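Novice: My questions are about this predicted structure, shown below with the sequence.
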Amino acid sequence: MVEISEALGSDLRSVAASVSAQARTFLTTTAEVASGAAPEAAIPLLLLATSDMLAAGARLGAMMDVVPDQRFEPDAGPETDLDPLREALAQLLDGLDEYPEIVDPVLGAVVGQAFVSGDIACIAEALAKGLQHYDSGQELEALWWWQFSYLSLWGERAASALRVLQMVLAHLRLDVEDDVAAEAEYDALQS
């Protein structure tokens with residue numbers, strides 16, 4: 001297989017290294033959140049990790065298609081079992097996890113059900129598979145996988161999860177009882 005640096009230059013190698021680092025950060029952050037170590041920070045941390053990963057994905061989506069030399073995907077090893085991550089997040093997000101969404105807003109207004117925990121696990125699975133390729137020295141294959149899976153799967157899941165996480169955070173921070181808001185307004189006017 002032709003090295004990424006020989007095939008397409010240092011720009012793609014730089015993108016692959018950047019996505020690799022962001023994928024590792026996403027996986028670490030989501031695992032820490034799922035551990036339940038800081039439940040009060042779960043929503044903001046998931047929001048930050050997901051938005052950072054979406055920024056990396058947008059860069060992948062804006063690039064020309066990455067095409068590896070081989071027309072088949074080399075075996076990257078066993079699939080990463082992300083059921084424990086999904087289940088832990090579902091438990092942590094109990095009551096906030098499930099949400100309705102428009103399945104494909106371009107093709108119609110069909111509403112389906114989705115889960116933030118499932119979205120995060122889906123993203124993690126795609127990123128982990130790309131990291132397997134990257135860590136085995138197949139940078140171009142990793143970059144192809146991240147780009148392909150961003151466009152076909154995890155980009156959409158991340159965008160949906162991001163919207164829900166942002167809305168949950170907004171409700172948590174902005175929805176207050178009328179008497180609490182009036183008291184805060186009064187205190188602000190008196191100072």
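Specialist: Structure received.

Novice: low-confidence ranges in the protein?
Specialist: Residue ranges of the chain with pLDDT under 70: 1-9, 69-77, 176, 178, 180-182, 184-186, 191.

Novice: List the contacts of the residue positioned nearest the centre of it.
Specialist: Central residue of the chain (Cα atoms, centre = their mean): residue 50, 4.0 Å from the mean position. With contact set as Cβ atoms under 8 Å, 6 or more residues apart in numbering, residue 50 has these partners: 26, 120, 123, 158, 161, 162, 165. Placement of C-beta: from N, CA and C, glycine included.

Novice: I'd like to know which of those residues is nearest to residue 96.
Specialist: residue 165 (9.0 Å; Cβ to Cβ).

Novice: Chain neighbours aside, what residue packs nearest to that closest one?
Specialist: Residue nearest to residue 165 in three dimensions, not counting chain neighbours: residue 47, with 4.3 Å by Cβ to Cβ, 6 or more residues apart in numbering.

Novice: mind checking how far the one you found is from residue 19?
Specialist: Plainly put, residue 47 is 20 Å away from residue 19 if you go by Cβ to Cβ, to the nearest Å.

Novice: So these two - more neighbours on which side?
Specialist: residue 19 (25 against 17; other Cβ atoms under 10 Å).

Novice: My understanding was that the more buried one contacts residue 130; is that so?
Specialist: Yes - with contact defined as Cβ atoms under 8 Å, residue 19 reaches residue 130; the gap is 7.3 Å.

Novice: list the residues that contact both of the two?
Specialist: 142, 143, 146.

Novice: Give me the buried subset of those residues.
Specialist: Among those, the ones that count as buried by 16 or more other Cβ atoms under 10 Å are 142, 143, 146.

Novice: Contacts only, for the last one.
Specialist: Which is residue 146. Residue 146 touches 19, 23, 57, 60, 126, 127, 130, counting by Cβ under 8 Å, 6+ apart.

Novice: Leaving out the residues flanking it, which one is nearest to it?
Specialist: residue 130 (4.4 Å).

Novice: residues contacting the one you found?
Specialist: By Cβ under 8 Å, 6+ apart, residue 130 lies in contact with 19, 20, 23, 142, 143, 145, 146, 149.

Novice: for those residues, which one is nearest residue 187?
Specialist: Nearest to residue 187 among those is residue 23, at 45.2 Å by Cβ to Cβ.

Novice: Could you check how many residues crowd around the closest one?
Specialist: 23.

Novice: Give me the buried positions along the host helix or strand of residue 90.
Specialist: In the assignment (DSSP states H and E), residue 90 maps to helix 83-92. Applying a neighbour-count criterion of 16+ other Cβ under 10 Å, one finds 85, 86, 88, 89, 90, 92 buried in helix 83-92.

Novice: can I get those residues in CSV with distance to residue 39?
Specialist: Listed next are the buried residues of helix 83-92 as CSV, based on distance: Cβ to Cβ, whole Å:
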residue, distance to residue 39
85, 16
86, 17
88, 11
89, 11
90, 14
92, 6
